[in-house]
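> structure, please.
(chains A and B)
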Amino acid sequence: MRSALPGFAIAIAVLVAGLLFAFTVGRYPVSLTELMQVLTAKLTGGRSSVSQAVESVIMQVRGPRVLAAAMVGAALAVAGTAFQGLFRNPLVSPDILGASSGAALGAVVGIFFSLGVVAIQALAFAGGLFAVAAVYLIGSAMRTRDPILVLVLTGVVVGSLLGAGVGLVKYLADPYNQLPAMTFWLLGSLSAASAADLLPLFGPVALGTSVLIALRWRMNVMSLPEEEARALGVSTGPLRIAIVAAATLTTSASVATAGIIGWVGLVVPHLARALVGPDFAKLIPAAAILGGGYLLLIDTLARTVAEVEIPLGILTAVIGTPFFIWLLTGMQRNWS
Amino acid sequence: MRLEGRALSIGYPGHVVGCGLDVALDTGEVLALLGPNGGGKTTLLKTLLGLLTPLAGAVRLGGKALGDYSIGERARTIAYVPQVHVGTFAFTVETVVLMGRTAHGSLFSRPSAHDHEVAAGALARFGIAHLSQRPYTEISGGERQLVLLARALAQEPRFIVLDEPTASLDFGNQGKVMAEIRALAASGHGVLFTTHDPNHALRAADRAYLLREGTQIAEGPVAQVLNKTQLEALYRAPVETVVDAAGKTAFLPG
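Prediction:
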């Protein structure tokens, strides 16, 4: 069997590079030595000889943002991997069932009513879950021979309705105070990530990812046509609910923290599949590691390449769109 | 063991495809299902597999209603070989065959060492052990058909149901698959397959079941059922019979 070890080594190398890059590069450069000293001092409980300012840059300023970026990247990549398998389509992204548009509506409503950060995040999280639940209920209420297609189309329709809702709230919003905040949120950013965000992000992401890892073999079978999977002894209906719920949990938690960051959940699963193959037992961990490293690199670029911070959603789109077109041209050859 | 449908009405909610169908298959025998396109072959197949619920009548497996089996028990008793398709993801041939072991494991388990042995045995039986690490998406149509047969065998079922196993195969591979179908019956499996070629039924099946527009035209041993008159009635088209010196029969359309 082709070993997946080299693939995992590359994914881990990307993650380590992302971590080092994110900790050391920025308006206040930190050397590798300083980083190591602070981290070993923290781990061993000793005192470091590094200045207080450097220590606070590493621990208070960059630390939470680095951890949040790694988790959000991992969450989006894992959710994308799950949805691509479930919908048997490699061009699917985690917001296919409306998780992002639901979260967006929740967040802009929160900003409109001038709620606090925690409430806005909670509304975004709930909005994502409600949107996907609505899509799922409407989709399964229709009796059809192709439940997957109906689900995707329902997701498109509901997503577009929620998008109209977002447009309405933006139209009604105060153009000087609220509108910039909404726009900023809708483009995705980790600049506001704080230590307080980490636990609400970690909980759902860890839970959703664990469920998907536990179901890894059944997910392989679920990527076969519906009736074939059932003939192999898989209860496709309940399993589909479990996978959608787990992937939506991780997506909604990351969108609530970082706003809408497209393309990561589409691009990273492909790269991971190229590294370790399509078996979900290896693919899910590989996508998580690679997704974390990928978003760390992007986020570091976002805060360093220009005078002002570039929204993450814009950078991921600039990288993701050409990648998507390249994928399409590759697939064309296989389309009969 | 017997798989049988009695007084079956088949189809989808609001759309009856066929009715009054009686069909039975015992372990150790091969039944061929013939008929024009749109006549209900695939619908009948899916009903017998338990993938579709009969609109009326009942499917029984070993004397017990098929609906009373759990989905796992059913998969350990009846295997389904769909028409050859290209998968979305490039799983290895071994992984595809191991998927046949799913119903032998629990919800969260991975294939065990024993599952790997069974899969390797199934690959060896069809002479494709050398393909085991190749991506399923990159092998030929004939090889894919054999991989799907190996996957069905890895389920360790009593019955194997095949949907047009020869439809996308070249001439040589068609003969090979027919021979494997005979071999499966010889090893005690009950085999049901659909085909567009009466010669395949004549060659590989013990009995034939002729289905037109959802109605049973004839059913019985191939030597009795497959003749010019029945086939012309089945397809509403002229059929020629060719008999060689040894008395072997073949049919030609037109």
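> tally of neighbours for residue 134?
Unless you meant another one, I'm taking chain A. A count of nearby residues for residue A:134, using other Cβ atoms under 10 Å in any protein chain shown, gives 18. Just so you know, the C-beta spots here come from the backbone N, C-alpha and C atoms, and that holds for glycine as well.
> hmm, no, I was thinking of chain B.
16.
> again, but for the one 4 residues further on
When counting by other Cβ under 10 Å, one arrives at 11 neighbours for residue B:138.
> give me every residue in chain A lying close to chain B.
Proximity of chain A to chain B, by Cβ under 8 Å from any Cβ of the partner chain, involves residues A:1-2, A:85, A:88-90, A:143, A:145, A:214-218, A:220-221, A:223-225, A:227-228, A:230-235, A:273, A:277-279, A:281, A:334.
> show residues contacting the helix or strand containing residue B:223.
With secondary structure defined by DSSP states H and E, residue B:223 is part of helix B:222-225. Helix B:222-225 has contacts (Cβ atoms under 8 Å, 6 or more residues apart in numbering or on different chains) with B:32, B:201-202, B:205-208, B:210, B:218-219.
> switch to 7 Å and redo it
By Cβ atoms under 7 Å, 6 or more residues apart in numbering or on different chains, the list of residues contacting helix B:222-225 from outside reads B:201-202, B:205-208, B:210, B:218-219.
> likewise stretch B:36-48?
So stretch B:36-48 is contacted by A:227, B:3, B:5, B:8, B:10-11, B:17-18, B:21, B:33, B:35, B:52, B:54, B:59, B:161, B:163, B:192, B:194, B:211-214, B:235 (Cβ under 7 Å, 6+ apart).
> with stretch A:220-232 instead?
A:85-86, A:88, A:147, A:234, A:236, A:239, A:279-280, B:46, B:49, B:51, B:71, B:75, B:80, B:82, B:88-89, B:91, B:95, B:99-100, B:102-103.
> before we move on, what's the pLDDT of the residue of the stretch 201-336 of chain A found nearest chain B?
Closest residue of the stretch 201-336 of chain A to chain B, Cβ to the nearest Cβ: residue A:233 (2.9 Å). Residue A:233 carries a pLDDT score of 96 in this model.
> list the contacts for it?
Going by Cβ under 7 Å, 6+ apart, residue A:233 touches B:71-72, B:75, B:102-103.
> now intersect the contacts of stretch A:220-232 with the strands, please.
Of the positions in the contacts of stretch A:220-232, residue B:80 sit in strands, assigned by DSSP state E.
> out of the contacts of stretch A:220-232, which end up buried?
Applying 16 or more other Cβ atoms under 10 Å in any protein chain shown to those, the neighbour count classes A:85-86, A:88, A:147, A:234, A:236, A:239, A:279-280, B:46, B:49, B:51, B:75, B:80, B:82, B:88-89, B:91, B:95, B:99-100, B:102-103 as buried.
> distance of the most centrally placed residue in chain A from residue A:208?
Geometric centre of chain A, nearest residue: residue A:76, 2.1 Å, by Cα atoms, centre = their mean. Going from residue A:76 to residue A:208 by Cβ to Cβ, to the nearest Å gives 11 Å.
> do the same with residue A:274
Distance, residue A:274 to residue A:208, by Cβ to Cβ: 24 Å.
> ok, now residue B:214?
To residue A:208, residue B:214 is 46 Å away according to Cβ to Cβ.
> out of those two, which sits in the more crowded spot?
residue A:208 (25 against 20).
> next SSE downstream of the helix or strand where residue B:42 lies?
Under the criterion of DSSP H and E, residue B:42 resides in helix B:41-49. Downstream of helix B:41-49, the next assigned helix or strand under DSSP H and E is strand B:56-61.
> pull the contacting residues for the nearest residue to residue A:197 once chain neighbours are set aside.
Spatially, and ignoring its direct neighbours in sequence, residue A:197 is nearest to residue A:257 (5.3 Å; Cβ to Cβ, 6 or more residues apart in numbering or on different chains). Counting by Cβ under 7 Å, 6+ apart, residue A:257 touches A:68, A:72, A:121, A:193, A:197, A:201.
> coming back round to it: the helix holding residue B:42 to strand B:56-61, inter-axis angle?
Put simply, helix B:41-49 runs at 60 degrees to strand B:56-61, going by axes from the mean of the first three to the mean of the last three Cα atoms, to 10 degrees.
> for the closest residue to chain B within the stretch 1-150 of chain A, give me its contacts.
Across the stretch 1-150 of chain A, the shortest distance to chain B (Cβ to the nearest Cβ) belongs to residue A:88, at 4.6 Å. Counting by Cβ under 7 Å, 6+ apart, residue A:88 makes contact with A:223, B:88.
> tell me, how many residues neighbour residue 61?
By default, I'm working from chain A. Neighbour count of residue A:61, defined by other Cβ under 10 Å: 14.
> chain B is the one I meant
Neighbours of residue B:61 (other Cβ under 10 Å): 22.
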